[in-house]
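Visitor: Whatever this is, show me its structure:
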Amino acid sequence: MAFTVADVVLAARDLSPAYTPQRHPDAICWRFLTRYGRTLLGRIAQLRPSALPATVTTVPLPLGTFGSGVPVPDDLLLLSVSARPMARRDDSARVPVELLPAGQRLTRSTRLPWAVREGATVFLSGTAADWTAFDLLELRTVAMPATLANGAATVPLPDDALDVCAQQLGAFLASRVAQQPDGDKVSPRAAQDAADKAEATFLDRLTNQGRAEVITMRRVYS
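Guide: Numbers count the residues shown, from 1 in each chain. This is a model prediction of the structure:
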């Protein structure tokens, strides 16, 4: 099940008696989790996008104005784009559309189809004529965390990311304690080392799960 901001804050406060609400108000924790949530979301998207709770948006082809591209709001992280061949309209028929780094929209050196996201717009490669074999685009996106301004807000990350977020929040709170002259003895370095180890373990697990999925698919379709 999904976890909330309050779940993370509670788990982080359990790490040390120094992480009290009096010293570290909830609002400070919420702002940190907003920043870190965006960072971790981007790392997961690079390693294993399928682990994220994505929203699929369909866009009919041809586009009304090809050069205008497809609008994608700035607060959405674009995970993948695929195109449905005109000749095969069953749900399983999709052609992956490679996403190139911004600034490469005019290149022709990459095999079609591909696209580039620049700002709040996804531009398709080539010309409208290059896309006549397709009748539909599918965009998989996940919402970047807005300002998490209350404990009831759901964190848009895999369920097992709760411990990582709590460890990272704990490291942040440890750094605040170290700046307080009457603070308890908390080692910011040890807290950050534990947080970094938790994140590395979490990302390694995601990577290994992704490899297992690929192996399973190869076995099924081989």
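
Visitor: Any buried residues in the helix or strand Val56 falls within, and which?
Guide: Secondary structure here is read from DSSP states H and E; on that basis Val56 sits in strand 55-60. When neighbours are counted by 16 or more other C-beta atoms under 10 Å, the buried residues of strand 55-60 are found to be Val59. In short, each C-beta sits where N, CA and C put it, glycine included.

Visitor: Let me see the mean pLDDT of that strand.
Guide: For strand 55-60, mean pLDDT rounds to 92.

Visitor: how far is the helix or strand that comes right after it from where the chain is centred?
Guide: Moving toward the C-terminus from strand 55-60, the next helix or strand (DSSP H and E) is strand 70-71. Centre-to-centre, strand 70-71 and its host chain are 19 Å apart (C-alpha atoms, centre = their mean, to the nearest Å).

Visitor: any idea how far the residue most central in space within the chain is from Asp75?
Guide: Among the residues of the chain, the smallest C-alpha distance to the mean C-alpha position (C-alpha atoms, centre = their mean) belongs to Leu41, namely 3.0 Å. For Leu41, the distance to Asp75 equals 11 Å [C-beta to C-beta, to the nearest Å].

Visitor: again with Ala115
Guide: 19 Å.

Visitor: got it, and Asn150?
Guide: Counting by C-beta to C-beta, the gap from Asn150 to Asp75 is 18 Å.

Visitor: before we move on, what about Thr127?
Guide: The span separating Thr127 from Asp75 equals 30 Å under the rule C-beta to C-beta.
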